[in-house]
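Enquirer: whatever this is, show me its structure:
(one chain, ligands or ions: 2)
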Amino acid sequence: MTILGIESSCDETAAAVVVDGRTVRASVVATQIEAHKRFGGVVPEIASRMHCESIVPVVTQALADANVTLADIDAVAVTGAPGLIGALLVGVNFAKGLSMAMGLPLVPVHHLRGHVASNFLTNPDLAPPFLALIASGGHSHIVRVTGYTQYEIIAQTRDDAAGEVMDKVARALGLPYPGGVHMDVTAQGSNASAYKFPRPRLVDADTGKPSLDFSFSGLKTAALNQINSAKQKNADINIPDFCASFREAVCAYLTEHTLRAAHAGETVVLAGGVCANERLRSMMTDSCQRAGLPLVLPEKRYCGDNAAMIAAQGYYEWQAGHVAGLDFNARAGADICEQ
Ligand code: KG4
Ligand code: ZN
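Expert: Numbering: from 1, shown residues only. Ligands and ions are numbered 1, 2, ... in the order given. As a prediction, this is how the structure comes out:
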């Protein structure tokens, strides 16, 4: 089963050709980072326009790289939700047009399900059930994956996402967009205990017990306050040490909650852009080893947004019969448990 995957939920226009959900024949990603850099974040209107410009060349390139034509494609999988609505619409309408013109099944894919599926691309033996930490620019979830299209949300952020706070704190330090990536590089080899940050602890409203949910806004505010107060006093901030300390706080928080959520011996899987973070990868590796939990990491090139992960998940959605008609529409928000 050869699937053409299309992804346009945020600031990458991507297309990929994947066979049977596991074998990547081609993966093309056109990033818009340069266009959004001077604004310090993604400008939705610019993103939509650039998706319109890139979608045909990117799909054409993916087919050429895979050495196939549209006649070799068995289905079109496309990110349907969640994301920037104007950006999603470009991929969805392109996929609809292609599906109608070629008589191919149209398979909508939830973006976060795609991030989880990025692990299938480089770990051929991975199969549900497992526990996934999904950490991206827009989401921070711990999800139990009970089947290829079945999920149980164990924890989620009650405010900001992990990637979002890294981006915002990095921006306040004067690092370029996207800040999380630059913070990671700047932090390498620096002192991670030079600056102190609180560890937010939430309580479950029903049970009164410690919650597995995340809250990143307090961590962000603590960092921004330290930066602002140093500026007011004309004091210097050691940027590499600050990056290392903040990265350590975010990674320790993500790791601690994921390990608390895991059952004995359960396989732990990382997914989403933040999982490219060097410290998160090393901390998770050490912690899971100590706890006797098998750990699976996505290859770094499949951590950020790409279409290979959408085609991979598309294969399992198609197997489950999740095929859409031409009345299908993109949605800005959707729970990972919704189809
Ligand atoms: O999954 P993704 O590409 O897009 C969303 O679905 O949001 O994630 C993007 C996020 C951004 O916040 C970016 O700063 C962060 O992932 N990110 C990183 C690293 N690489 C990307 N954060 C920390 N360390 C990294 N190495
Ligand atoms: Zn993403």
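
Enquirer: which outside residues touch the lowest-mean-pLDDT helix or strand in the chain?
Expert: When each helix and strand of the chain is scored by mean pLDDT, DSSP states H and E, helix 33-37 comes last, with a mean of 92. For helix 33-37, contacts defined as CB atoms under 8 Å, 6 or more residues apart in numbering pick out D11, V42, V43, I46, A47, M50, P176, Y177, P178. Heads up, the C-betas are built off the backbone N, CA and C, glycines and all.

Enquirer: for H110, what are its contacts?
Expert: Counting by CB under 8 Å, 6+ apart, H110 has contacts T79, G80, A81, P82, Q313, A334, I336, E338, Q339.

Enquirer: pLDDT score assigned to R331?
Expert: Note on R331: pLDDT of 97.

Enquirer: W318 contacts V107, doesn't it?
Expert: Yes: with contacts counted by CB atoms under 8 Å, W318 reaches V107, the gap being 5.0 Å.

Enquirer: give me the common contacts of those two.
Expert: Joint contacts of W318 and V107 (CB under 8 Å, 6+ apart) are I3, A75, A77.

Enquirer: just the buried residues of those.
Expert: The neighbour count (16 or more other CB atoms under 10 Å) marks I3, A75, A77 as buried among those.

Enquirer: T122: which of the residues you listed is nearest?
Expert: Of all these, I3 has the smallest distance to T122: 17.2 Å, by CB to CB.

Enquirer: sorry, back to before: so which of W318 and V107 has more stuff around it?
Expert: Per other CB atoms under 10 Å, whichever of W318 and V107 has more neighbours is V107, with 29 against 20.

Enquirer: next up, the contacts around the more buried one.
Expert: I3, A75, V76, A77, V78, G314, E317, W318, H322, V323, A324.

Enquirer: the nearest residue to H115 once chain neighbours are set aside - how many residues pack around it?
Expert: Once flanking residues are discounted, H115 sits nearest to A271: 4.0 Å by CB to CB, 6 or more residues apart in numbering. Residues within reach of A271, counting by other CB under 10 Å, total 29.

Enquirer: circling back: now distance to ligand 1 too, for the contacts of H110, in JSON lines please.
Expert: Shown next, in JSON lines, are the contacts of H110 (distance: CB to the nearest ligand atom, whole Å):
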{"residue": "T79", "distance to ligand 1": "10"}
{"residue": "G80", "distance to ligand 1": "14"}
{"residue": "A81", "distance to ligand 1": "12"}
{"residue": "P82", "distance to ligand 1": "9"}
{"residue": "Q313", "distance to ligand 1": "14"}
{"residue": "A334", "distance to ligand 1": "13"}
{"residue": "I336", "distance to ligand 1": "12"}
{"residue": "E338", "distance to ligand 1": "17"}
{"residue": "Q339", "distance to ligand 1": "19"}
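
Enquirer: next one: the residue in the stretch 201-339 of the chain positioned nearest to ligand 1 from G163, what distance?
Expert: Going by CB to the nearest ligand atom, ligand 1 is nearest to G273 of the stretch 201-339 of the chain, at 2.2 Å. Note on G273: its distance to G163, by CB to CB, to the nearest Å, is 6 Å.

Enquirer: what residues are shared contacts of these two?
Expert: Joint contacts of G273 and G163 (CB under 8 Å, 6+ apart) are A135, S136, G137, G180.

Enquirer: tally of neighbours for the third one?
Expert: Put plainly, it is G137. 22.

Enquirer: which stretches of the stretch 201-339 of the chain form strands?
Expert: With strands called from DSSP state E, counting those that start in this stretch, the stretch 201-339 of the chain shows them at 268-271, 295-296.

Enquirer: right, I'll call it a day here.
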